[in-house]
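K.L.:
Sequence first, then the predicted structure, then my questions.
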Amino acid sequence: MIWTKTKTAIVAGAAVILSAGSFTAVETVAHSRSAEHGKLILNKVVAANRFWLLAPPDTVTNYSYVFHLSWDKAPGGVLQTPVHVGNPSKASSRERQGITYSSLLQHLARNPEQVRVHSIKEENGKIRMALEVLRASGARTTYVVDGKSYPIPPLGIECGNGTSGGWRGLFTTGGTNAELVLDAEKMVPLNSVVKVSGGTVEESFSDYTEVNPGNYVPLSVTVKYARLRRDWRDMEFAWKFKLHDGLWLFDESQYRGEKVAWTDQVVVNQSVESQAGQGVIQ
């Protein structure tokens, strides 16, 4: 009788172990499927937004514009910088976009393998994703200032009103964890929030227009760097963009109630003869 009870207990215990093992296996499979589903969604996001995240359409072979920055030290109070982009796919993001803007979406488009999806929730036509940005293999983890070591986050963020030589509002920061909200039909970002040291960087995207079937660009982007410390002032950029024959380019910026930057004299696909005649240097 004692043997029977012991045997029963052993069998019951084995059943519990098997049940727990089965649960773990199911959980692992579910997590794997969620990760694959997340990758598929992010691939669709990059494809739908590639003309503003990576490069303009192949039909845009070159372009030029003049960038203006309100600057009291410049003649007439405005710093003017002529810019010519001879190879859009290889140009710096600042020159290509017409503004200093590198954040979560740009990093995702350039390095999709460095983004891990932790959760996906879809409702009311929107997809909400919790993301983790992974460190690139071999990347530095710390930097040293005055003998003190500081961590380098895997996602670097740089935003500011300017391209080179001067800015009216500029910040650089970084983070690891983010939340991204998408339009489930168009696969375009509506909002993103990145947790950074001492606060958050939130971006809002709107006024989308379709460049080609299935390819969209936002004509309004707002970037807000909200800081937790009361003695640090928040920074917020309200940017407008325009389409010029398929080219998505910065148009103007509102910063602290003032128009501080804008572009004009935009020429797309200028001939070599015209460039030479105007003295444009590539």
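P.N.:
Done, it's in.
K.L.:
sec struct for the residue most central in space within the chain, please.
P.N.:
Taking CA atoms, centre = their mean, the centroid of the chain lies closest to Leu105, which sits 2.1 Å from it. With DSSP: H, G, I helix; E, B strand; the rest coil as the basis, Leu105 sits in helix.
K.L.:
residues contacting it?
P.N.:
Applying CB atoms under 8 Å, 6 or more residues apart in numbering to Leu105 gives the contacts 45, 49, 53, 189, 192, 203. The way it works is simple: take the backbone N, C-alpha and C, and place the C-beta from them, glycine included.
K.L.:
Which member of these is positioned nearest Asn124?
P.N.:
Proximity of the contacts of Leu105 to Asn124 (CB to CB) peaks at Pro189, which lies at 16.1 Å.
K.L.:
Can you pull out the low-pLDDT segments for the stretch 1-150 of the chain?
P.N.:
1-32 (pLDDT under 70).
K.L.:
Let me see the ranges of the helices in it.
P.N.:
Counting by DSSP state H, counting those that start in this stretch, the stretch 1-150 of the chain has helices at residues 2-53, 93-97, 104-110.
K.L.:
Now do the buried residues in the helix or strand where Glu202 lies.
P.N.:
In the assignment (DSSP states H and E), Glu202 maps to strand 199-212. Buried residues in strand 199-212, counted by 16 or more other CB atoms under 10 Å: 199-205, 208, 211.
K.L.:
can you check stretch 168-179 too?
P.N.:
Residues of stretch 168-179 classed as buried: 168-169, 171, 173-176, 178-179 (neighbour count, 16+ other CB under 10 Å).
K.L.:
Can you add distance to Asn161 and give these back as TSV?
P.N.:
As requested, the buried residues of stretch 168-179 are exported to TSV (distance: CB to CB, whole Å):
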residue	distance to Asn161
Arg168	4
Gly169	5
Phe171	11
Thr173	16
Gly174	20
Gly175	22
Thr176	26
Ala178	23
Glu179	26
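K.L.:
Thanks again, I'm all set now.
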